[in-house]
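Asks: Pasting the sequence and the predicted coordinates here, then a few questions.
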Number of protein chains: 2
Amino acid sequence: MAEKDLLLKTAETEKISHIDYFNIAISVDCVIFGYEDKELKVLLIKSDLKEFEGMYSLLGDLIRPGEDLDAASYRVLKERTGLDDVYLEQVHAFGSINRHPSGRVITIAYYSLIDIGHHKLQLSHNELNWHSINELGKLAFDHSLILETCLKQLRERIEDHPIVFNLLPEKFSLRQLQELYEAILGVELDRRNFRKKISLKGWLKDLNEMEKNLSHRPGKLYTLKSKLKT
Amino acid sequence: MAEKDLLLKTAETEKISHIDYFNIAISVDCVIFGYEDKELKVLLIKSDLKEFEGMYSLLGDLIRPGEDLDAASYRVLKERTGLDDVYLEQVHAFGSINRHPSGRVITIAYYSLIDIGHHKLQLSHNELNWHSINELGKLAFDHSLILETCLKQLRERIEDHPIVFNLLPEKFSLRQLQELYEAILGVELDRRNFRKKISLKGWLKDLNEMEKNLSHRPGKLYTLKSKLKT
DNA sequence: TAATAAATATGTACCAACGACACATTAATT
DNA sequence: AATTAATGTGTCGTTGGTACATATTTATTA
């Protein structure tokens, strides 16, 4: 039977009304990662639910009737940051019965990677702020769990996929890139081994330009080879 | 704001009614894998929706009001196979607007691994059948996509996680194990290298028993070391 | 019961990737 | 001109991956 007649037959058989079945809301929640001051950060908003007084939560919203899941996440991102060309990846669905105090809400979690320095970045709200992932308290709802899950997936993905570049400006030095990997992974890396490994991946294009305006020897600048940031 | 007042405020603001927001159903769909005759198989049911006449679909059901996501999948599995101690893993949420002909249904996809020879296995329905993954036509709904997604994830997971043992009987030979990996990955593997690799993982316990009742030289039997099949 | 068939069991040599590790070079500053 | 603080680079040992051939064991058959 699978999904056959799901909307009718199963409900009948089990004596549960149509209304009950639809009385579950669906949201998306976005873990929006950014990178600043050598720290991985996440965009959070102060919760104004009394149950979560003083706590922060992820950015999310209910899915609209004519909107698919990815579109809902892109919308949240666009509404909150003004950005639309962003990296976004679905991670997991969370559906514990009591995860939302106002009722049954199943949420699909995404993470996205954005460049905090992007000129179009415009936060929608003055209670929206960047928080270092190393200085987070407990978040509202099950958002601590969601964040952990997304962070774990991010850490796995960056080993094989050229996605961290979404967190950096167009041009960057190997030093910057290494510091970013260190911030995400929470470890220190050996410079020579890191450069060897990155060089093996073949992701980078040498721009034959140097960093400017530092008080030290400048490094070479690179950029991501293909425009495919996924 | 995040999920704050989602159930009320957002709907008001956007002039979309409460009813609209809840008029989305949520299901789970299970890709139930089994292994038989050196082939990876999946349990499918003949669709009896007229839109999908002659096609097969995955096993799924709507999520019930008081049931979390994993519980819903376990229930589907139990109802369809009679088994309850199964390996189950959430993979992805699918929510295209028109994926279900009867209305908006978002589904959370899982895959599970079961031993086709398990003595408790009892299929619920005579239109439920095992299909080799190499001989599948197009499935109903977006189930071909769901199946592909789950299979891809399975292929990645088996490299690092001792999960394929859920598809085998308690005791098995290295030959059986290798044939299973070959069936899942769709490639042939070198016997010596395979054994070396498996031995490196340290997953197996040598039972000091031999296969019985074959017409060739019997192999040694092994079993999974820890009872943790995840 | 001896020969045959069909599988199991096993080790080496080459190559790629990974981690540990130290020194010369460059640009800005003093 | 000397100092400072960073960039830039190579080797060696270890490990994991792949390619590859032969001896052994059991059941079967002649």
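Replies: Structure's in. What do you need? Residues are numbered from 1 along each chain as shown, chains lettered A, B, ... in the order given.
Asks: all helices for chain A, in order.
Replies: A:11-13, A:18-22, A:69-81, A:143-160, A:174-185, A:191-201 (DSSP state H).
Asks: The fourth one: which residues count as buried?
Replies: When neighbours are counted by 16 or more other Cβ atoms under 10 Å in any protein chain shown, the buried residues of helix A:143-160 are found to be A:His143, A:Ser144, A:Ile146, A:Leu147, A:Thr149, A:Cys150, A:Leu151, A:Gln153, A:Leu154, A:Arg157, A:Ile158. Every residue, glycine included, has its C-beta placed from N, CA and C.
Asks: so, in contact with DNA strand D or not, it?
Replies: No. Shown here: helix A:143-160 not in contact with DNA strand D (Cβ under 7 Å from any atom of the strand), separated by at least 14.6 Å.
Asks: Now do that helix against helix A:174-185, angle only.
Replies: Counting by axes from the mean of the first three to the mean of the last three Cα atoms, to 10 degrees, helix A:143-160 lies at 140 degrees to helix A:174-185.
Asks: can you list the domains in chain A?
Replies: As recorded under automatic domain parsing, the domains making up chain A are A:6-159, A:168-224.
Asks: pLDDT wise, what is the residue nearest the centre of chain A at?
Replies: Among the residues of chain A, the one closest to the centroid is A:Tyr111, at 2.3 Å (Cα atoms, centre = their mean). pLDDT, the model's per-residue confidence, is 98 for A:Tyr111.
Asks: Then the one 10 residues further on?
Replies: For A:Leu121, the model assigns a pLDDT of 96.
Asks: okay, now it: neighbour count?
Replies: Neighbours of A:Leu121 under the rule other Cβ atoms under 10 Å in any protein chain shown: 13.
Asks: what mean pLDDT would you report for stretch A:207-218?
Replies: For stretch A:207-218, the mean pLDDT works out to 90.
Asks: Could you do stretch A:163-183 as well?
Replies: The pLDDT scores in stretch A:163-183 average 97.
Asks: picking up where we left off before, give me whichever of the domains of chain A is most buried.
Replies: domain A:6-159 (a mean of 18; mean count of other Cβ atoms under 10 Å in any protein chain shown).
Asks: and that one, anywhere near DNA strand C?
Replies: No. With Cβ under 7 Å from any atom of the strand as the criterion, DNA strand C is not reached by domain A:6-159; the gap is at least 7.9 Å.
Asks: so how far is that domain off the chain centroid?
Replies: Put simply, domain A:6-159 sits 9 Å off its chain's centre (Cα atoms, centre = their mean, to the nearest Å).
Asks: Tell me which other helices or strands the longest strand belonging to chain A touches.
Replies: Longest strand of chain A, by residue count under DSSP state E: strand A:25-36. Helices and strands touching strand A:25-36, by 3 or more Cβ pairs under 8 Å, 6 or more residues apart in numbering or on different chains; DSSP states H and E, are strand A:39-46, strand A:59-62, helix A:69-81, strand A:105-113, helix A:143-160.
Asks: Same list, the ones you listed, but as JSON lines with distance to B:Asn126 please.
Replies: Putting these into JSON lines (distance: least, Cβ to Cβ, whole Å) gives the following:
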{"stretch": "strand A:39-46", "distance to B:Asn126": "51"}
{"stretch": "strand A:59-62", "distance to B:Asn126": "41"}
{"stretch": "helix A:69-81", "distance to B:Asn126": "35"}
{"stretch": "strand A:105-113", "distance to B:Asn126": "33"}
{"stretch": "helix A:143-160", "distance to B:Asn126": "40"}
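Asks: That'll do, ta.
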